[in-house]
Structures are given as structure tokens and as C-alpha cells.
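K.L.:
Have a look; sequence and predicted model below, questions after that.
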Amino acid sequence: MLFSLIAILFSAIFHEYMHGWMADRLGDPTAKDAGRLTLNPLAHIDLYGSILLPALIYFGTGGAMIFGYAKPVPYNPYNLRDQKYGSAKVAAAGPLANLITALFFGLLLRFVPGISGTLAMLLSIIVQINLILMVFNLIPIPPLDGSRVLVTFLPYKWQVRFAEFERYGMLFILLFVLFGFSIILPVINLLFRLIVG
């Protein structure tokens, strides 16, 4: 459990860092000015999302599932040079960071000879956690990243509806974690098998 919590924490931190990095590359220095364009865990830890929630879910499911998040990185979409697709790029950068992490450790596990036993198990945990973070964050429930990407391509009236829906977003996210998580498990398991072999 301790290793899983550490893996979630650093994977979520890299996820949030990449949001800030992409925003900065596109002209918005908000994350950098707030001291959040760093991989220092202290800048990103959220007491509830990074520590309490993962522990509660882990013990509540008897060790079957673990999930958490880091403090969201702030950004100002009006500063982005790309006003049409900039927000989608910033949103997609987080899940992309998790995919890159999963691929890196998964391909190590698959192709580097001599990796077995405990080390293989730990690398598998890192891959699985990053795939969970990636797939989960791509679900189009506000304020998850998937909704930020999707809303960019919707007509304006649907963008307004998504914005109104966001006030209830955390409730729907919690309900999904508790009752709908099994929907995305086949996708996560498929990606895991494709990467690790």
C-alpha cells in the first residue's frame, strides 16, 4: 500500500506539472508565478486527495482499488496564445504525462532482461496506476480533463451546459468511482497487456 500511495502521489504530481508546463509553453505563466511549475511534492500535495482519499478507498475496498489526485495546477485560459485549442492542449497534457510514464516503465518491464520478482511487481504497479489516472481523467465529466478536451469541440450552447454541470461534477465523479469504475477496467487492463506484454 505504501508504495502504491507513493506511486499515485508522484504520478499525480507529474500529471499536474504537465498541465502547468503546457500552459506555460502556450503563453500562460500562472502556474509558474504560483510556484507550481515544479516536481517538488510539497507544492502539489492535497491533504484530502493525495493522502486521505487514497487511504480511504484502499481500505474501503479491501485493497482492491486505490485512487487519488494532486492539487490542481491553476491556469488562465485567456493568456493562451491558441485561444481555440489551447485549453484542450493543456487538459490533454496531464493524461499524456501518465501515458508516457506507463509506457516508460512498462517497456522497461517488457524488454529489459532480468527484471523479475519484487521489482517487476513494483514496475507493474506504476504502469497500472498511470493507466488508471490517464483513462479516468479522460472521462468527460467536469472538471476532469476529458470534459476540457471535449468542450473545445462542442457548440457554444453545449459549452454553457457543461459549465453549469461542473458545479455537480465532484458528486458525479465520486459516484463514478464508487459504482462505475468497473466500466473502464477492461480498457485499463487491455492497455496494460498491450504495453507490458
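P.N.:
Noted; the coordinates are in hand.
K.L.:
residues touching the residue positioned nearest the centre of the chain, list them.
P.N.:
Residue closest to the average C-alpha location in the chain (C-alpha atoms, centre = their mean): L133, at 4.1 Å. If a contact means C-beta atoms under 8 Å, 6 or more residues apart in numbering, then L133 has 8, 11-12, 15, 95, 98 as its contacts. No exception for glycine: its C-beta is placed from N, CA and C like everyone else's.
K.L.:
The helix or strand hosting it: which residues count as buried?
P.N.:
When elements are assigned from DSSP states H and E, L133 belongs to helix 117-137. Going by neighbour count (16 or more other C-beta atoms under 10 Å), the buried part of helix 117-137 is 122-123, 125-137.
K.L.:
could you dump whichever helix or strand comes after that helix to PDB, C-alpha only?
P.N.:
On the C-terminal side of helix 117-137, the closest following helix or strand by DSSP H and E is helix 145-152. Output in PDB follows, covering the C-alpha atoms of helix 145-152 (Å, rounded to 0.1, in the frame of the first residue of the first chain):
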ATOM      1  CA  ASP A 145      -9.600  16.600 -18.300                       C
ATOM      2  CA  GLY A 146     -11.800  14.700 -20.700                       C
ATOM      3  CA  SER A 147     -14.500  17.300 -20.300                       C
ATOM      4  CA  ARG A 148     -12.000  20.100 -21.000                       C
ATOM      5  CA  VAL A 149     -10.900  18.400 -24.200                       C
ATOM      6  CA  LEU A 150     -14.500  17.600 -25.300                       C
ATOM      7  CA  VAL A 151     -16.000  21.000 -24.600                       C
ATOM      8  CA  THR A 152     -13.400  22.600 -27.000                       C
END
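K.L.:
quick revisit: among the contacts of L133, which are in strands?
P.N.:
Applying DSSP state E to the contacts of L133, no entry is found in strands.
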